[in-house]
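Visitor: Prediction below, plus the sequence it came from.
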Amino acid sequence: MNRFISVLEKNIMPVAGRIAEQRHLQAIRDGIILSMPLLIIGSLFLILGYLPIPGYNEFMANWFGDHWLEKLLYPVGATFDIMALVVSFGVAYRLAEKYKVDALSAGAISLAAFLLATPYKVPFVSDGAKEAIMVSGGIPVQWVGSKGLFVAMILAIVSTEIYRKIIQKNIVIKLPDGVPPAVSRSFVALIPGFAVLCVIWIARLILEVTPFESFHNIVTLLLNKPLSALGGSLFGAIVAVLLVQLLWSTGLHGAAIVGGVMGPIWLSLMDENRMVFQQNPHAELPNVITQQFFDLWIYIGGSGATLALAIAMLLRARSQQLKSLGRLAIAPGIFNINEPITFGMPIVMNPLLIIPFILVPIVLTIVSYVAMAAGLVAKPSGVAVPWTTPIIISGYLATGGKISGSILQIINFFIALAIYYPFFAMWDRQKAAEERGTADIPTDSNTAKQM
Amino acid sequence: MNILLICAAGMSTSLLVTKMQQAAKEKGLDAIIWAVSADEAKDHLDRADVVLLGPQIRYKLSHFKKEGEARGIPVDVINPADYGRVNGAGVLDFALRLKR
């Protein structure tokens, strides 16, 4: 077991570090973070639109007119539906920052590049017609939302790379010394911006004569679909959870590292559900796996589902150490923060506790996936609930007000408790014996203590 | 004395901040201690005298060491056991030792 840990430390950590530090992945993650507050605000309106209270619709219609829902959801259209625009700007901005070139210009150019790649054609169904025709003159909402996410990310990176290479080669318009710096700065972006837009423009012209017709179609086919299929499957979810737990076992923030890569996929899966939910809150939603699936049903109490462990310590610990740790860990645990447990118990580098720490989330993933896929429990509706929301509340809100979401969280909590308990009891006995000065149980816990 | 703590989201380190502030008060030490996420950190580095990373983001140490060297401020990772037990006094001592 100790060998296993040192293998983890030696092989996984450098790789994880490299992935987490990779510039483009970092920019993507930071850029997506920019859209999160907007999505949470939009979710608030989404929840208000579909409160599952009998007579709610009638009540709202009486007070605010027949079109109340449509009006209430205006902010959803300005948050969820422009996700790709925000990400396009955000990714470019963050990447430019890392290259130490003007981030604001890079963001603006990236936005222009994204829209240049997007045909201004929207489907229109005229009265009496059955099929939609494409009319020009509108920026299509479908591509500036989550469906355009991958194109936005790719073009943000492409355009910022071109932009910074030209700036770093110093191919810019230089004005004489007397010109105020603010004025000359505004000219700096001119040549690189022109180059970026020309590249995207020519690429679009070429794509238009191919069967793909546009950037969006080709990226959907080659990236969105395969990645969503992989990331949205039970197998993909188990692999992701396993990686998160392995990383945390060595004391690294697994969720931040794995989420940095999987975030865009889980986000677009989430938004697919949101779009269906918004049309009809009782419809069958397409995806089980979304960001919320992990945050709210698997990581109850933090990565590793350690709320159960905090409660066990609080109520059943006999050793002073774990008793006081339980008191310390319970409040953050309710809000899904568990560093006191992972580093304080510790679970990190502790062969005994790593076993349930990896096992529990995998079991919960399988149980939750099966329960949702079989229709026993409502799927996450696309309402973006922050990961710090306590369980029961979060399960109810994230399913769009379905009590089955909360019930599954309670069941998952008890599953976690059942698996953790014997390991907790063993560790507690050992700690209690140490405190009595009779550390008579031979284990390899010394390495963990030395940490 | 300005002590900046950095972790993934700035949440678990904020637990530690409260305990460190208590410890500083008991010592009669005039210290400003605050926690931010790794993403926001660069806007805060200039105001810090010493920077401590949560152990869960120790893979970012080399990155922040470089930033710290450029500004002449010490950067290190908090001991995991102190971090987990939210040992404010211990981490404060660690910060003071680093600064010296």
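Guide: Sure thing, it's come through.
Visitor: going forward, measure contacts between C-alpha atoms and count neighbours the same way
Guide: Noted.
Visitor: Dump the longest helix along chain B to PDB, keeping only the CA atoms.
Guide: When chain B is parsed with DSSP state H, its longest helix is helix B:12-27. Extracted in PDB, the C-alpha atoms of helix B:12-27 (Å, rounded to 0.1, in the frame of the first residue of the first chain):
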ATOM      1  CA  SER B  12     -10.900  26.300   2.900                       C
ATOM      2  CA  THR B  13      -8.000  28.700   3.500                       C
ATOM      3  CA  SER B  14     -10.600  31.300   4.700                       C
ATOM      4  CA  LEU B  15     -11.200  28.900   7.600                       C
ATOM      5  CA  LEU B  16      -7.600  29.200   8.500                       C
ATOM      6  CA  VAL B  17      -7.500  33.000   8.100                       C
ATOM      7  CA  THR B  18      -9.900  33.400  11.100                       C
ATOM      8  CA  LYS B  19      -7.700  31.200  13.300                       C
ATOM      9  CA  MET B  20      -4.600  32.900  12.200                       C
ATOM     10  CA  GLN B  21      -6.100  36.300  13.000                       C
ATOM     11  CA  GLN B  22      -7.000  35.100  16.500                       C
ATOM     12  CA  ALA B  23      -3.400  33.800  16.900                       C
ATOM     13  CA  ALA B  24      -2.000  37.100  15.700                       C
ATOM     14  CA  LYS B  25      -4.200  39.100  18.100                       C
ATOM     15  CA  GLU B  26      -3.000  36.900  21.000                       C
ATOM     16  CA  LYS B  27       0.500  37.600  20.100                       C
END
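Visitor: And for whatever helix or strand comes next after that helix, what's in contact with it?
Guide: Counting by DSSP states H and E, the element after helix B:12-27 in chain order, helix or strand, is strand B:32-37. Residues outside strand B:32-37 that contact it (C-alpha atoms under 8 Å, 6 or more residues apart in numbering or on different chains): B:1-11, B:13-14, B:17, B:20-21.
Visitor: what does stretch B:48-61 give?
Guide: A:13-14, A:16-17, A:20-21, A:248, A:251-253, B:1-8, B:13, B:45, B:68, B:73-80, B:83, B:95, B:98-99.
Visitor: So which of the residues you listed sit within helices?
Guide: Per DSSP H, the contacts of stretch B:48-61 map to helices at A:13-14, A:16-17, A:20-21, A:248, B:13, B:68, B:80, B:83, B:95, B:98-99.
Visitor: would CSV of those with distance to A:Gln292 and neighbour count be doable?
Guide: Below are the ones in helices among the contacts of stretch B:48-61 laid out as CSV (distance: C-alpha to C-alpha, whole Å; neighbours: other C-alpha atoms under 10 Å in any protein chain shown):
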residue, distance to A:Gln292, neighbour count
A:Met13, 26, 19
A:Pro14, 28, 13
A:Ala16, 23, 19
A:Gly17, 25, 17
A:Ala20, 21, 24
A:Glu21, 25, 16
A:Trp248, 19, 24
B:Thr13, 24, 24
B:Gly68, 36, 21
B:Pro80, 29, 22
B:Tyr83, 28, 26
B:Ala95, 37, 23
B:Leu98, 40, 16
B:Lys99, 41, 15
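Visitor: re earlier: quick one: least confident of the contacts of strand B:32-37?
Guide: Ranked by pLDDT, those bottom out at B:Gly10, which has 72.
Visitor: three-state assignment of the residue of chain A positioned farthest from its centre?
Guide: In terms of distance from the mean C-alpha position of chain A, A:Gly178 ranks first, at 48.7 Å (C-alpha atoms, centre = their mean). When classified by DSSP: H, G, I helix; E, B strand; the rest coil, A:Gly178 comes out as coil.
Visitor: and what of A:Met153?
Guide: The three-state label given to A:Met153 by three-state DSSP is helix.
Visitor: which residue packs closest to it, ignoring adjacent ones?
Guide: Leaving aside its sequence neighbours, A:Met153 sits nearest to A:Ser88 (C-alpha to C-alpha, 6 or more residues apart in numbering or on different chains; 5.9 Å).
Visitor: and whichever strand or helix holds that neighbour, what other elements does it pack with?
Guide: In this structure, A:Ser88 sits in helix A:83-99 according to DSSP H and E. Counting by 3 or more C-alpha pairs under 8 Å, 6 or more residues apart in numbering or on different chains; DSSP states H and E, the packing neighbours recorded for helix A:83-99 are helix A:23-49, helix A:103-116, helix A:141-144, helix A:149-168.
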